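J.: Any chance you can model this:
(chains A and B)
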Amino acid sequence: MSTTPVNTEKKTSPGSIAARFLKENGTLIALVALGVFFSFYEEAFFSPRNLTNLLRQTTIIGIISVGMTMVILIEGIDLSVGSIVGLSAIVVTLLMQSGINVWLSIILTLILTGGLIGLWNGFWIAHYKIPPFIITLGMMTIARGLALTLSKGGSVPVTDPIFPQIGGSYIPETASGIILGLGLIFFFYSTFRTMQQNKKYGIETNKLDIGFSVFIVLSFLALSFYIFTSYRGIPYPVAIFAVIVFVFAYVLKNTKFGRRLYAIGGNEEAARLSGINVYWTKILVYVIIMALSSVSGILLASRLNGASPNLGNMFELDAISAVIIGGTSFAGGVGTIAGTVIGALIIGVLNNGMSLLGVPTFYQFIIKGLIIIVAVWFDVLSKQKKA
Amino acid sequence: MGDIVLEMKNIVKEFPGVRALDHVNFEARAGEVLALVGENGAGKSTLMKVLSGVWPYPTYEGEIIIKGQLKQFKNTRDAEASKVAIIYQELNLMPELTVAENIFLDREFSNALGVINWSKVYAETQKLLDELNIKDFKPTDKIKELTVGKQQMVEIAKALSINAEILVFDEPTSALTDKEVDALFEIIMKLKKQGVCMSYISHKMDELERIADSIIVLRDGQTIGEVTPVKDLTIDQIISRMVGRDIKDMFPKKTFARGEKVLEVKNFEVDHPVLAGEKMVKNASFSAYKGEILGIAGLMGSGRTELVTGIFGALPKESRGEIYLEGERVKIKSPMSAISKGIGLVTEDRKAVGLVLGHSVVNNMTISSLETVSNKWGVINSAKEKKLADDYVDQLSIKTPGLDVNIDTLSGGNQQKVIIAKWLNTMPRVLILDEPTRGIDVGAKVEIYNLLNKLVEDGVTVIIISSELPEVMGMSDRILVMFEGEIAAEFNREDAAKETIMEYATGSRRRGE
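T.: Model (predicted):
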């Protein structure tokens, strides 16, 4: 699941296989360990109901983190995501209030708070080479101000009857089970296809890698099957999050655009001299993250059945934490969506588990902060070992 | 003649796989300017780093003797304490600080609590400037407001502030205007009268005649001959000491029939990145043909790299001129458009701008030509990509443990081959290689030369730039020589003599002479 751009050498003894699995999937193992820990101390943690809620809570930050992965991958940063969550929530509810159809309102919001603001950020960053930290810091304040102005400082209720269902409804249990089954079939089909392609071009297939991914995907699907068929099904936001994750993980790993992001993050000048259109690639990345933040804002407004201009406050920090815990390098060029999803889940599990255990909120902050530092420390240590 | 102040005896400095200094011996006297000359890569900078403590004892072998005493510097502070100062080509000043703050950086006059007495700092600085007869700037001026020439004066004043008795200039005039050069020489003359022992690294023969008393030549890390008074040597003799080596076997040159004209460049100009009005490349016009290797010779800073990066579209704001590909006028505004028109550039600095370090061999190889391994939706077929990379690994005999390994783990020669593979896959009509064999061991160099032959045979027009004259002469069918941004001369392979090329490259012979 965790595929870094560079693979280590192949070794075959059982001990070294286990060692390699541990090394390449460190954050995943940390997530599992956390899950086991909380289940052990609090029975309610591992119930399908709690896990469903946990996943639904994680999606809001998770969706933003997918965009943040791409931004940090090109050695950038976007601090305006939290404010965009607030602004998009206000814009979508106001548009519906003015009588515009719900779907049209959503599309307009995506264009306005996603596309246009992303273009604006990206233009300053790519054209004038102003540090993204500064530009997005400015936009963070501007967008929050816009949200407050548009809403006149108060909350905006949702008037449309369909809108709340997007964030609040579930895909029924049976349908959820079928979807997961289809996912399993699709996974085996694509693995088969990869092997077939390798055969066609005479490339040796790394059986170990395939073994790892089969193991991880099967466990993941089995767990999902347990959660979603025993309690109300897949929440819509989780389904939307899953689609976003699969699309962007695929894009990063398998497309020219993805490859170019890694190259720009690894060495921007070398990328430019290799003929990559750094200018537009950067702008596109900043548009994508704004669009994803708007999706998050819309889902949040839908679930809360209303919008307040302060929604999404400090979300940028959670999103950045998820990306960093997930192993994406702040120096750019290294990172995966899968890692980020695990990072977001670690934060979600911590929030949920600590609340269940009754850890006071004050301590929760301290623990989360320490975990971020430890994650980065691990990353630095592993790099020093390599060198 | 003054007393001997500095002696360097049997200095040997080795880097992994390279012996940069190989028994260097010379002595320098008080009140004298000793010119240290040699081609790029001859070891001059390494020697100066040994002298200044950048490479501390015992990372080198040999003895440094200053005023009869053996010195073993552990760091640059030690060297300063022994009154050795170096004025580097790249100036080491803080642009946001004032002249005085820079000169007395971390050596400010202060009381026991560390509170700085600024009036004393400024007064002492003024004294230094008076000594050097500098009136163009004040101690309170910020460095960034000064021209490069004036900044150099600040460096000299800084050296005087430690009462330097041994002062080394590393190509001091490379960024100066003629007027600034005159002012610099005046100061050097003044210091000479005060008995300072100076060493002057330069390529420019006309300057050496004006300023140097004696000369020592460095070639391949060795001192050639002894310290000789300048008046006893002709320029020809100096140059033959600089380049004289047998090179025939190293270059497996193959000659092919010259085909049609592929690239023509007319009146190409590149602006200086910082100095307004100055030009890195002036009025350059040349052509390159199928079936030949065009070599561009010239010293560092002569505008070679700027010329080719300009043609490649990587300096869209600074460069202008006409480019014709197979007779057709083309506009190249970015590397992307250059590649789409069939021009490739292997850059001079492999690690900084050539490779994406930390990424795999295969990713580095296909980054310029992803469309060859992807479908119309931009989805990469990774099996096809690996097959392609595998083929290049065989074809160019790249030594790598695998396609997925980190590019950093490969040797310099194999990294360079990966870069060449990357460009081959863009199907170039013209491939420009800037310093293709820099930092590569001899065996790998020969492999790269064979590769160049193969490229020409396959119909690619090849242009190579090199600081190593034997390489340009050994591999090129035609040679352009650049000096101060101009193409000073053009030679056919059979007419090229290294002494003549060196004369044009150092400016001792001008265009048309």
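
J.: got the phi/psi numbers for the residue positioned nearest the centre of chain B?
T.: Centroid-nearest residue in chain B, with CA atoms, centre = their mean: B:Met300, separated by 4.2 Å. Here is the backbone geometry of B:Met300 (degrees, to the nearest 10): phi -60, psi 140.

J.: how far away is it from B:Leu93?
T.: 21 Å (CB to CB, to the nearest Å). C-betas here are computed from N, CA, C, even on glycine.

J.: do the same with A:Ile346
T.: Taken as CB to CB, the span from A:Ile346 to B:Leu93 is 48 Å.

J.: What of B:Val99?
T.: 9 Å.

J.: Does the lowest-mean-pLDDT helix or strand in chain A reach chain B?
T.: Here the helix or strand of chain A ranked lowest by mean pLDDT, DSSP states H and E is helix A:14-24, holding a mean of 77. No. Helix A:14-24 stays clear of chain B (CB under 8 Å from any CB of the partner chain), getting no nearer than 12.8 Å.

J.: What would that helix look like as CSV? C-alpha coordinates only.
T.: What follows is helix A:14-24 as a C-alpha-only set of coordinates in CSV (Å, rounded to 0.1, in the frame of the first residue of the first chain):
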residue,chain,number,x,y,z
PRO,A,14,11.7,-14.8,6.0
GLY,A,15,13.3,-12.6,8.7
SER,A,16,14.4,-10.0,6.1
ILE,A,17,10.9,-10.1,4.5
ALA,A,18,9.3,-9.3,7.8
ALA,A,19,11.9,-6.6,8.4
ARG,A,20,11.2,-5.0,5.1
PHE,A,21,7.5,-5.1,5.6
LEU,A,22,7.9,-3.4,9.0
LYS,A,23,10.2,-0.8,7.5
GLU,A,24,8.0,0.1,4.5
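
J.: Now find how far off-centre that helix is within its chain.
T.: Centroid separation between helix A:14-24 and its chain, computed with CA atoms, centre = their mean, to the nearest Å, is 26 Å.

J.: which other helices and strands contact that helix?
T.: On a contact count with 3 or more CB pairs under 8 Å, 6 or more residues apart in numbering or on different chains; DSSP states H and E, helix A:14-24 meets helix A:207-230.

J.: Now the element after the helix it packs on, going C-ward?
T.: Later in the chain than helix A:207-230, the nearest helix or strand by DSSP states H and E is strand A:234-235.

J.: Residues of the stretch 201-350 of chain A that sit close to chain B?
T.: Applying CB under 8 Å from any CB, one finds that the stretch 201-350 of chain A approaches chain B through A:201-203, A:254-257, A:259-260, A:262-263, A:266-267, A:269-277, A:333-334.

J.: wait, what's in contact with B:Ala85?
T.: B:158-159, B:162, B:164, B:166-168 (CB atoms under 8 Å, 6 or more residues apart in numbering or on different chains).

J.: Quick one: mark the members of those that sit in strands.
T.: Judged by DSSP state E, strands contain the following of these: B:166-168.

J.: among those residues, who's most crowded?
T.: Neighbour counts for the ones in strands among the contacts of B:Ala85 (other CB atoms under 10 Å in any protein chain shown) peak at B:Val168, which has 26 neighbours.

J.: The stretch 101-250 of chain A: strands as residue ranges?
T.: A:156-157, A:170-171, A:234-235 (DSSP state E, counting those that start in this stretch).

J.: can you put these in CSV and add mean neighbour count?
T.: Shown next, in CSV, are those (neighbours: other CB atoms under 10 Å in any protein chain shown):
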stretch, mean neighbour count
strand A:156-157, 16
strand A:170-171, 18
strand A:234-235, 24
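
J.: can I get the ones you listed in a markdown table with mean pLDDT?
T.: Listed next are the strands of the stretch 101-250 of chain A as a markdown table, based on pLDDT from 0 to 100:
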| stretch | mean pLDDT |
| --- | --- |
| strand A:156-157 | 92 |
| strand A:170-171 | 93 |
| strand A:234-235 | 94 |
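
J.: State the next helix or strand along the chain beyond the helix or strand of chain B with the lowest mean pLDDT.
T.: None of the helices or strands of chain B scores lower by mean pLDDT, DSSP H and E than helix B:235-243, at a mean of 78. Later in the chain than helix B:235-243, the nearest helix or strand by DSSP H and E is strand B:261-271.

J.: Could the C-alpha coordinates of the helix or strand just after that next one be exported in PDB?
T.: Note on strand B:261-271: by DSSP H and E, the next helix or strand toward the C-terminus is strand B:279-289. This file holds the C-alpha atoms of strand B:279-289, laid out as PDB (Å, rounded to 0.1, in the frame of the first residue of the first chain):
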ATOM      1  CA  LYS B 279      26.100  40.900 -21.700                       C
ATOM      2  CA  MET B 280      27.200  37.300 -21.000                       C
ATOM      3  CA  VAL B 281      26.900  36.500 -24.700                       C
ATOM      4  CA  LYS B 282      27.400  39.000 -27.500                       C
ATOM      5  CA  ASN B 283      26.400  38.700 -31.100                       C
ATOM      6  CA  ALA B 284      27.100  35.000 -31.400                       C
ATOM      7  CA  SER B 285      26.500  33.300 -34.700                       C
ATOM      8  CA  PHE B 286      27.300  29.700 -35.700                       C
ATOM      9  CA  SER B 287      26.000  26.600 -37.400                       C
ATOM     10  CA  ALA B 288      26.100  22.900 -36.600                       C
ATOM     11  CA  TYR B 289      25.800  20.100 -39.100                       C
END
